[in-house]
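Colleague: no FASTA, just this:
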């Protein structure tokens, strides 16, 4: 059988050996915890606590600000110190709730859980929404929205995105090695919601141990199969994993549901498990703290809101001076100028490198080699698009399907002239999206 | 610590392959052909190569100094141009041909259009055609110490028997770098194995050329005739080293095949119906001019758009 894959993509140095074999370690925060109200796509959450309030672990501190939104829970017990704008990984200042940790970790009593069989579909989705579950792979799309398509009977596949194609990241890998049953049970919750769907655990073939464990675990599950995908970045991108696993192709104007698919990341599915089987809200996530500057690269189970400084401390601090610190993977993560930011629901890794490729390489003119086109998973012409972006040639940018770009970074990575292709295309896309939004607003008025 | 952080937009890693490493690979891949040229024609070939390369590199350097532009000779693209041009010159040319060619290639064809990546025509071929038109008798004089008389391709055209074995090895008259098919193919393998080029352009070029001469060559499907056409003249050097020039070939995959086919047909027309035995250089520079049009009609469709199951 041909190996399951997609068009384009690049093979990267994966750096996973640094943290791959380090078991997940639970760590407790010491300092203040910061909860940005926008940790997801959609409306920001609305705070329901005030300065001076005492909160418990697992207490809701902000409620969803709309249908496409998610509530936020305190992950420690303590006192609300402030509700004020705080710096997040993107560099923006976002309204956040700051909780002073009293170090007692007093927990609320969670509501009793009904067995899955006795719950209605509405109750299950409610639970997931109430738990504040969002896509933890990076985008932060509220999970209950994904699980409520217009025609649930038309969903043919629920894909568990176990690709983890970004270099250095090992959080999903450790989850699959250590708690695979939670992943399978979580997937079965989604399959409950979509009667006609089959579950696919889509794993890159550089993780044969995970594939074996999951195969063993699902051998008596007729509706679940494990699929090995060819190791190539960006295999874990939504459109690419759908294509590799099912052969269906979607574009930017479609949702996965339009192709009969629902895609959730490993940690998200485990969060669904915790919400439905244990009634616990989303309070933790696994973060890989790694890179050649870190003394002891590790995978931590971290309480959301924990400061990045503490994560570095827990990993033994720096053994070498870091030059570049990235929240997330090296291909799609955010470059940080300050470690004083909190762990959010979508933070998968903290990567500290002693060398910065970007500033050490000099940009030259395009030599028209075509490598950017070859690697583009959206089959675009990044060189031409970047040219349009630089000259603000809107018409041509749109004609060349610039809006189909998924900002995976392959073109910038491969470019021998080291041109900032992804970056220029990305800013043009942002301008276009903002413009579109404005026009929509105007047409509503 | 925080004032030392480098901040940039994603992605934060870059591949090791750079423009200069690609160009250097091309230079290395041209060395077998150059080496055989020196072996075949003697040290005079070496001096022609050195003069032409130096002229190309110095032209770029001087232009950039005079125009106060960034010095770009470190990307080795001028070395590639100079070397390719030298390999396309007969060994008997006087030294100033190399100088004039190098200046024309770099100054007129490349730098005046904006430097690397902006030229619409292969600089080495542009210069060769300029020299061929301006100094026809010098450029078509293939007499030298080792060989006298016409190139095998000219013999082939006038119906004289040619020795194909000599042509494959390269023991014939011709330009410095074009005679040895073996040396060129070794270089081409280096380029293909290092991923610098693929077979789309050279493959479609050679195949369409063969089909063309089978139909119009007047010899039908005659293997000896086909082999002589492939091994003779600048076809191999042109197909693998000049038609594949990134800057002047289409960037789209379908476009590259179309471009290769076009070159094959043009070369066939020039070789069979033209007054000269050779046609590769003109075919490629005419092909170069059509690249924008070819790209326009062969742009790929974005992933998930039309045609595919939604």
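Modeller: Everything's here; your move. Bear in mind that the values here come from a model prediction, so they are computed numbers and not experimental data.
Colleague: what sits against the residue nearest to residue A:58 when sequence neighbours are not counted?
Modeller: The shortest distance from residue A:58 to any non-neighbouring residue, by CB to CB, 6 or more residues apart in numbering or on different chains, is to residue A:108 (4.4 Å). (Each C-beta comes from the backbone N, C-alpha and C, glycine too.) Contacts for residue A:108 (CB atoms under 8 Å, 6 or more residues apart in numbering or on different chains) come out as A:56-59.
Colleague: Out of the residues you listed, which comes closest to residue A:277?
Modeller: In terms of CB to CB, no member of these lies closer to residue A:277 than residue A:58, at 15.5 Å.
Colleague: how about the closest one, what does it touch?
Modeller: Counting by CB under 8 Å, 6+ apart, residue A:58 touches A:73-75, A:107-108, A:110, A:280-281, A:283.
Colleague: Buried ones among those residues?
Modeller: A:73-75, A:280-281, A:283 (16 or more other CB atoms under 10 Å in any protein chain shown).
Colleague: Spatially, which two of those are the most separated?
Modeller: Of all pairs in those, the most separated under CB to CB is A:74 and A:280 at 12.8 Å.
Colleague: Averaging pLDDT per element, find the lowest-scoring helix or strand in chain B.
Modeller: Sorting the helices and strands of chain B by mean pLDDT, DSSP states H and E puts helix B:152-157 at the bottom, at a mean of 86.
Colleague: Helix, strand, or coil at the closest residue to residue B:282 other than its chain neighbours?
Modeller: In this structure, residue B:282 finds its nearest non-sequential neighbour in residue B:270, 5.8 Å apart by CB to CB, 6+ apart. Secondary structure for residue B:270, judged by DSSP: H, G, I helix; E, B strand; the rest coil, is helix.
Colleague: re earlier: return the subset of the buried ones among the contacts of residue A:58 lying in strands.
Modeller: Of the buried ones among the contacts of residue A:58, the ones assigned to strands by DSSP state E are residue A:73.
Colleague: for the buried ones among the contacts of residue A:58, which one is nearest chain B?
Modeller: Set against chain B, the nearest of those by CB to the nearest CB is residue A:75 (25.8 Å).
Colleague: for that closest one, phi and psi?
Modeller: phi -110, psi 0 (degrees, to the nearest 10).
Colleague: Pull the number of nearby residues for the closest residue to it other than its chain neighbours.
Modeller: Counting by CB to CB, 6+ apart, residue A:75 lies nearest to residue A:303, which is 3.8 Å off, once chain neighbours are set aside. By the measure other CB atoms under 10 Å in any protein chain shown, the count of residues near residue A:303 is 21.
Colleague: can you pull up the bridge partners for residue A:303?
Modeller: Judged by DSSP bridges, the bridge partners of residue A:303 are residue A:284.
Colleague: just to revisit the earlier point, in CSV: the contacts of residue A:58, plus pLDDT and distance to residue B:159.
Modeller: CSV is the format used below for the contacts of residue A:58 (pLDDT from 0 to 100; distance: CB to CB, whole Å):
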residue, pLDDT, distance to residue B:159
A:73, 96, 91
A:74, 95, 94
A:75, 95, 90
A:107, 91, 98
A:108, 92, 99
A:110, 89, 96
A:280, 93, 90
A:281, 95, 90
A:283, 94, 88
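Colleague: ok, the residue of the stretch 201-310 of chain B found nearest chain A - contacts?
Modeller: Across the stretch 201-310 of chain B, the shortest distance to chain A (CB to the nearest CB) belongs to residue B:304, at 3.4 Å. For residue B:304, the contacting residues are A:239, A:249-252, A:254, A:378, A:404, B:310, by CB under 8 Å, 6+ apart.
Colleague: The closest residue to it other than its chain neighbours: helix or strand, and which one exactly?
Modeller: Nearest residue to residue B:304 in three dimensions, chain neighbours excluded: residue A:251, at 3.4 Å (CB to CB, 6+ apart). Using DSSP states H and E, residue A:251 sits within no helix or strand.
Colleague: where's residue A:251 relative to residue A:406, distance?
Modeller: Distance, residue A:251 to residue A:406, by CB to CB, to the nearest Å: 10 Å.
Colleague: Now do the shared contacts for the two.
Modeller: residue A:239.
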